[in-house]
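[1] quick one, fold the following:
(one chain, ligands or ions: 2)
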Amino acid sequence: MDQVGERVQAIDALGGRLLAHGPMVVCRGLLDDPSTWRFSANAERVLGWPVASADGLATWLERMHPDDRGGFEAALSRVLSGKADQAELHMRLRQADGDYRWIWTLMRTEQDDATGQRYMVGYDLDVTDRMLAEERARRQNQELERRIRDRATELENANATLRAVLEGIADPVYVKDADGRYVLVNSAAAGSVGLRPEEYVGRTDHELFPADVAGHLRADDREVTASGGPRRFRETLDTPEGPRVYQAVKAPWRDGAGQILGVVGVSRDVTEQERVEAERRRLLERLHDVQEDERRHIAIDLHDGPVQGLAMLGYKLARARVLLEAGATEPALALVGECEADVAGEVEALRRTLRDLRPLVLDQHGLEVALHDHAHGVRERAGLASCRVTARLGGRRLDPSTETALFRVAQQALANVAAHAGATSAEVLLERSAAGEVLLRVVDDGCGFDPSHVQTAGQAGAPRAAAAGFGLTAMRERAEAIGGRLTIRTAPGKGTTVEVLVPGDPQRPGARP
Ligand SMILES: Nc1ncnc2c1ncn2[C@@H]1O[C@H](COP(=O)(O)OP(=O)(O)OP(=O)(O)O)[C@@H](O)[C@H]1O
Ligand SMILES: [Mg+2]
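    Ligands and ions are numbered 1, 2, ... in the order given. Below you'll find the model as predicted:
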């Protein structure tokens with residue numbers, strides 16, 4: 001053996017020893033003759049079974065996992081046919097115990113320098129641990145992705161629920177961050193200033209409202225975050241429908257750790273409530289004035305009428321006594337006769353006063369009869385050609401408070417006809433619909449008026465008890481007090497129609513139909 005040959009053998013022997021303890025199997029042999037294939041000594045340890053040079057391709061395939069056979073055969077044929085210099089793939093090989101081991105394999109063809117023959121070299125490495133670790137990592141990744149997806153769905157659902165709740169609330173609801181920027185608003189909040197929620201979010205009060213308003217809102221928010229607890233505020237905002245007053249409840253918005261992130265608030269529009277309350281206060285004051293007025297009138301009536309009459313009566317009776325004492329029977333009797341007529345006159349005057357104070361006929365005979373009675377009086381006093389009453393209640397009585405309210409409305413309306421309309425005729429209609437609604441209508445053919453030019457007692461700025469008329473306001477109040485609604489239709493030269501519609505069935509409880 002020459003020196004070179006010895007060296008090659010020595011290197012081979014060294015290589016064989018190294019391979020015997022290493023993880024990689026090396027095999028080599030002629031392309032077309034499996035019997036020439038040689039495997040490194042670690043083949044059985046790494047591949048899991050004793051490799052014999054007689055093992056043909058069929059033996060390999062039989063030990064291979066069925067799913068990996070196709071890939072292996074394709075790779076092999078690529079290399080054997082010379083289409084590729086080398087091919088690599090992962091495959092599973094069955095062990096003696098039936099378990100599979102993952103093997104990475106690289107096959108390539110090379111040329112023997114000495115003989116010029118092409119032969120094949122294969123490298124096989126057990127990568128089971130790595131493949132299992134990768135498989136585990138893949139499963140963990142999938143599990144993680146699934147959990148993230150589930151979490152995202154949960155969040156989406158929670159968001160949808162929150163949205164539904166927010167949108168279900170008719171009051172404006174909002175959340176602002178520490179800089180006062182809106183991060184969440186419902187449609188009611190955005191709509192109150194004529195915006196859509198997405199236009200509102202991201203803006204501050206200073207971008208949405210005039211500086212002074214925004215300043216107030218910001219100060220309220222600061223008070224909430226400084227106090228760390230909920231607070232109530234009365235806030236006024238400019239809206240497309242004019243200034244609105246809100247009763248706001250604001251509380252700190254905190255993260256999971258309790259750190260304050262901003263402010264969450266709910267605002268209730270109390271504009272109407274405050275207006276009604278102010279109106280009620282004004283009306284109460286007005287009512288007080290009216291009562292005082294009435295008392296004064298009654299006092300004057302009694303003073304100028306019955307009191308003067310009775311004083312005169314006393315004087316006449318004293319005169320009659322003097323005449324009788326003096327034996328002047330004739331003139332004395334004449335005076336007593338006068339006194340009788342005077343007493344009858346005073347009684348009639350007192351009855352009239354009483355009738356105005358509280359028409360007894362209303363209690364005794366009900367609304368229909370009271371209206372007939374009253375209309376008759378108005379026709380005479382106002383010199384109307386006619387003042388007809390048409391009642392279609394079928395003789396049924398209404399709830400006493402409804403009867404009183406409707407009578408007072410008719411009384412006020414007819415007083416206005418007498419005082420302002422210059423009408424020739426008026427008509428009162430009282431009827432009940434099948435649904436139980438009761439309608440009272442007072443129509444005159446007089447001069448009419450422009451309601452927008454009438455200053456009523458209920459209006460802001462109207463001087464109390466002075467020029468402002470109380471009649472229209474009182475009619476409206478009375479109608480609303482029994483759950484009804486007052487409508488006035490009029491225009492200059494067009495006559496006037498006053499209507500009250502009372503819903504439901506205000507039939508007097510216990511009354512027989
Ligand atoms: N039927 C009507 N025809 C023409 N004008 C009317 C009629 N009713 C009301 N008005 C007008 O509306 C105004 C307000 O009426 P309202 O009853 O409120 O007050 P008033 O009659 O002036 O005073 P008060 O009723 O307090 O004694 C009247 O002053 C009058 O100008
Ligand atoms: Mg009036």
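[2] is Ala214 in a helix, a strand, or coil?
    Here Ala214 is helix, with the state taken from DSSP: H, G, I helix; E, B strand; the rest coil.
[3] which residue sits closest to it, ignoring its sequence neighbours?
    Once flanking residues are discounted, Ala214 sits nearest to Asp205: 3.9 Å by CB to CB, 6 or more residues apart in numbering. C-beta coordinates here come from the backbone N, C-alpha and C atoms, glycine included.
[4] go on, Trp37?
    That would be Gly29: by CB to CB, 6+ apart, it lies 3.2 Å from Trp37.
[5] hey, what's the one you found bridged with?
    Applying DSSP bridges to Gly29 gives these bridge partners: Met120.
[6] right, and it touches Gln117 too?
    No: counting by CB atoms under 8 Å, Gly29 sits too far from Gln117 to count as a contact (10.7 Å).
[7] what helix or strand does the closest residue to ligand 1 within the stretch 151-300 of the chain sit in?
    Nearest residue of the stretch 151-300 of the chain to ligand 1: Val290, at 8.1 Å (CB to the nearest ligand atom). Per DSSP states H and E: Val290 is located in helix 271-302.
[8] thinking again about what came up before, could you tell me the model confidence score at the residue nearest to Trp37?
    pLDDT recorded at Gly29 is 84.
[9] what count of nearby residues applies to it?
    Residues lying near Gly29 (other CB atoms under 10 Å) number 17.
[10] list the contacts for it?
    Under the criterion of CB atoms under 8 Å, 6 or more residues apart in numbering, the contact list for Gly29 reads Ser35, Thr36, Trp37, Arg38, Ser53, Tyr119, Met120.
[11] which stretches of the stretch 401-513 of the chain form helices?
    Listed in chain order, the helices of the stretch 401-513 of the chain (DSSP state H, counting those that start in this stretch) span residues 471-481.
[12] now whatever residue of the stretch 201-350 of the chain ends up closest to ligand 2. Nearest residue, chain neighbours left out?
    Relative to ligand 2, the nearest point of the stretch 201-350 of the chain is Val290 (11.6 Å; CB to the ion). What sits nearest to Val290 in space, not counting adjacent residues and going by CB to CB, 6+ apart, is Phe470, at 6.2 Å.
[13] distance check, the one you found against Gly228.
    Distance of Phe470 to Gly228, computed by CB to CB, to the nearest Å: 52 Å.
[14] of those two, give the one with the bigger neighbour count.
    Under the criterion of other CB under 10 Å, the comparison of Phe470 against Gly228 puts Phe470 first, with 21 against 11.
[15] may I see the buried residues of stretch 395-404?
    Arg397, Leu398, Asp399, Thr402, Glu403, Thr404 (16 or more other CB atoms under 10 Å).
[16] just to revisit the earlier point, so which elements touch the next helix or strand after the helix holding Val290?
    Downstream of helix 271-302, the first helix or strand assigned by DSSP H and E is helix 308-325. The contact analysis (3 or more CB pairs under 8 Å, 6 or more residues apart in numbering; DSSP states H and E) places helix 308-325 against helix 329-357.
[17] what's the helix it packs on packed up against?
    The contact analysis (3+ CB pairs under 8 Å, 6+ apart) places helix 329-357 against helix 271-302, helix 308-325.
[18] now with 6 Å?
    Packed against helix 329-357 by the contact rule (3 or more CB pairs under 6 Å, 6 or more residues apart in numbering; DSSP states H and E) you find helix 308-325.
[19] for the spatially closest residue to Val25 that is not a sequence neighbour, list the residues it contacts.
    Distances taken as CB to CB, 6+ apart put Asp124 closest to Val25, at 4.1 Å, once the chain neighbours are dropped. Neighbouring residues of Asp124 by CB atoms under 6 Å, 6 or more residues apart in numbering: Val25, Ile103, Thr105.
[20] averaged pLDDT, the longest helix anywhere in the chain. What do you get?
    Longest helix of the chain, by residue count under DSSP state H: helix 128-168. Taken as a whole, helix 128-168 has an average pLDDT of 94.
[21] following that helix, which helix or strand shows up next?
    Taking DSSP H and E, what comes next after helix 128-168 is strand 173-177.
[22] tell me the residues on the chain that lie near ligand 1, please.
    Taking CB under 6 Å from any ligand atom as the contact definition, the chain meets ligand 1 at 416-417, 419-421, 444, 446-449, 454, 456, 469-472, 496.
[23] out of the residues you listed, list just those in strands.
    Counting by DSSP state E, the part of the residues of the chain next to ligand 1 found in strands is Asp444, Thr496.
[24] any weak-confidence spans in this protein?
    1-15, 53-54, 455-469, 505-513 (pLDDT under 70).
[25] quick one on the thing from earlier: which strand or helix spans the residue nearest to Val25?
    strand 118-126.
[26] nearest to ligand 2: which residue in the chain?
    Gly471 (2.7 Å).
[27] quick one: contacts for that residue?
    Counting by CB under 6 Å, 6+ apart, Gly471 has contacts Gln412, Asn416.
[28] swap in 8 Å and give it another go.
    Here Gly471 is in contact with Gln412, Ala413, Ala415, Asn416 (CB under 8 Å, 6+ apart).
[29] now, which of the residues you listed lie close to ligand 2?
    Asn416 (CB under 5 Å from the ion).
[30] and the contacts of Gly471 as CSV, adding neighbour count?
    Formatted as CSV, the contacts of Gly471 follow (neighbours: other CB atoms under 10 Å):
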residue, neighbour count
Gln412, 20
Ala413, 29
Ala415, 14
Asn416, 21
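[31] what's the closest of the contacts of Gly471 to ligand 1?
    Ligand 1 has its nearest neighbour among the contacts of Gly471 in Asn416, at 3.3 Å by CB to the nearest ligand atom.
[32] for that closest one, which non-adjacent residue is closest in space?
    According to CB to CB, 6+ apart, the nearest residue to Asn416 is Gly471 (5.7 Å).
[33] and that neighbour, how far from Leu333?
    Distance from Gly471 to Leu333, counting by CB to CB: 49 Å.
[34] picking up where we left off before, and the longest helix of the chain, how far out from the chain's middle?
    Put simply, helix 128-168 sits 32 Å off its chain's centre (CA atoms, centre = their mean, to the nearest Å).
[35] can you give me the domain assignment for the protein?
    Following automatic domain parsing, the chain resolves into domains at 2-126, 168-269, 276-357, 366-513.
[36] so how far is the longest one off the chain centroid?
    Pointing back at domain 366-513 there. 39 Å.
[37] and what of the third one?
    The gap between the average C-alpha position of domain 276-357 and the chain average comes to 63 Å, counting by CA atoms, centre = their mean.
[38] ok, now the second one?
    With CA atoms, centre = their mean as the basis, domain 168-269 stands 15 Å off its chain's centre.
[39] confirm for me that Ile298 is in contact with Asp356.
    No: the pair Ile298 and Asp356 fails to qualify as a contact (CB under 8 Å) at a distance of 9.1 Å.
[40] pull up the distance across stretch 200-219, start to finish.
    Chord length of stretch 200-219, first to last residue, is 20 Å (CA to CA, to the nearest Å).
[41] buried set for it?
    Those would be Tyr200, Val201, Arg203, Thr204, Asp205, Leu208, Phe209, Val213, Ala214, His216, Leu217, Arg218, for stretch 200-219 by 16+ other CB under 10 Å.
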